[in-house]
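Q: sequence first, predicted coordinates after that:
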Amino acid sequence: MIEFALSRREALRTIGGTLLGGVATTWVSPAAPADEPAENVPIIDAHIHLVDSRLPGAFDRTIALAPFDKDDRKGPARLAKAYQDEAKAAGIAQGLCMPRLQISDKDPLGIEDTLALIKLVRGPNLHPVGLAHPERFDQDHLTRVEEVLKQGRVKALKGYLGYLHYEPLSPGYRRYFKLAAKYQIPVILHCGDTYSKTAKLKYAHPLLVDEVAVDYPDTKFVIAHAGNPWLMDTAQVMYKNDNVWADLSAILIGDTKAFAAMEKDGVLDRTAKRIQEAIDYTEAPERFLFGSDWPLTPMVAYRDFVRRIFPDKLHAAVFRGTAKALFGL
């Protein structure tokens, strides 16, 4: 009985080399960041909401979003303090702030309020993510978008798939993908479950990312939330396309008490195993990013949850190195 220890990539390379008369093809994989001690790694959170995204029908479900209490006149300062306290406790050194679905000629990427709040946060170095709006792709708007991108402060673009009823290949997104490639910033695409009854899940399926990954090979795509619950579909898209990453934000949500209950009931372990199966399939664990989706999750509890998914030797990549390289931080 012959035992095979080859990965699928190695097997394909071997078969390809045989078919091509011994000329082996080469699989090019993104380099993994250098190993660092697992402890005390300054974390980059690849997915937070410092401002209310104001997505259609968002948060119909009962979720504690106290930092976004609109009746609190001290809201911005309280929000900044709530974030910086949690970030400090969790060891978050940098964060990527998702945009608001609200644009104007003055603010074509929906980052104005984010920038205002960033100024109030002490400690973590926060970076705005700009909105790729599928209904605004006229030349005048995109010219304004490009003027912002030229400044280099926006570290990614975000497409709210599902919440907005447009697939990634729709005309409204295509020119944003080209701009992202030009300015060497990733495009983060919401995939998987949504928190809105008006969202349409067919537009948020991670398999749709395969189409744009193929058509825009120079653009880097991040599947947010690892496409949960379609984790294995996300894994296949990542396995096939080396210009696709995934963040692990908000696969579980709730406050600290909820995470303690999920620990007791075995939910955290079961979910971790489900994620590990998808990661194993990709054969590219270094292309997964830590993200919390704060304030939907408590940072310390969620950090600890993600830590259990990966061996210590990968923590430096997942919690810092990959995001640092991908977003140019």
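A: That came through fine.

Q: okay, now Asp140: neighbour count?
A: When neighbours are defined as other Cβ atoms under 10 Å, Asp140 has 10 of them. C-beta here means a position set from N, CA and C on the backbone, and glycine is covered the same way.

Q: next: the one 10 residues further on.
A: One way to gauge burial is a neighbour count; for Lys150, by other Cβ under 10 Å, it gives 11.

Q: mind listing what it touches?
A: Tyr183 (Cβ atoms under 8 Å, 6 or more residues apart in numbering).

Q: how close does it get to Tyr216?
A: 20 Å (Cβ to Cβ, to the nearest Å).

Q: likewise Asn241?
A: 10 Å.

Q: between these two, which one's more packed in?
A: Tyr216 (21 against 16).

Q: list the contacts of the more buried one.
A: 174, 177-178, 181, 243.

Q: and the pLDDT at Arg8?
A: Looking at Arg8, its pLDDT reads 57.

Q: Leu117 in helix, strand or coil?
A: With DSSP: H, G, I helix; E, B strand; the rest coil as the basis, Leu117 sits in helix.

Q: burial count for the residue nearest to it when sequence neighbours are not counted?
A: Using Cβ to Cβ, 6 or more residues apart in numbering and skipping the chain neighbours, the partner closest in space to Leu117 is Leu50 (5.0 Å). A total of 28 residues lie near Leu50 under the criterion other Cβ under 10 Å.

Q: can you give me the helices for the stretch 101-250 of the chain?
A: 112-118, 139-149, 171-182, 207-215, 231-240 (DSSP state H, counting those that start in this stretch).

Q: tell me what the host helix or strand of Ala323 is packed against?
A: Secondary-structure element containing Ala323, defined by DSSP states H and E: helix 322-327. Using 3 or more Cβ pairs under 8 Å, 6 or more residues apart in numbering; DSSP states H and E, the elements in contact with helix 322-327 are strand 43-48, strand 92-97, strand 288-289.

Q: just send these back as JSON lines, with distance to Lys158 and mean pLDDT too.
A: Shown next, in JSON lines, are those (distance: least, Cβ to Cβ, whole Å; pLDDT from 0 to 100):
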{"stretch": "strand 43-48", "distance to Lys158": "9", "mean pLDDT": "98"}
{"stretch": "strand 92-97", "distance to Lys158": "9", "mean pLDDT": "97"}
{"stretch": "strand 288-289", "distance to Lys158": "14", "mean pLDDT": "98"}
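
Q: quick check: which of the ones you listed is nearest to Gly159?
A: Ranking these by proximity to Gly159 (Cβ to Cβ) places strand 43-48 first, at 13.5 Å.

Q: what angle do that closest one and strand 92-97 make?
A: 20 degrees (axes from the mean of the first three to the mean of the last three Cα atoms, to 10 degrees).

Q: next, the buried residues of strand 43-48.
A: 43-48 (16 or more other Cβ atoms under 10 Å).

Q: how many neighbours does the closest residue to Phe137 other than its chain neighbours have?
A: The shortest distance from Phe137 to any non-neighbouring residue, by Cβ to Cβ, 6+ apart, is to Gly172 (4.8 Å). Close neighbours of Gly172, defined as other Cβ under 10 Å, add up to 19.

Q: for Gly172, list the residues it contacts.
A: For Gly172, the contacting residues are 133-137, 166, by Cβ under 8 Å, 6+ apart.
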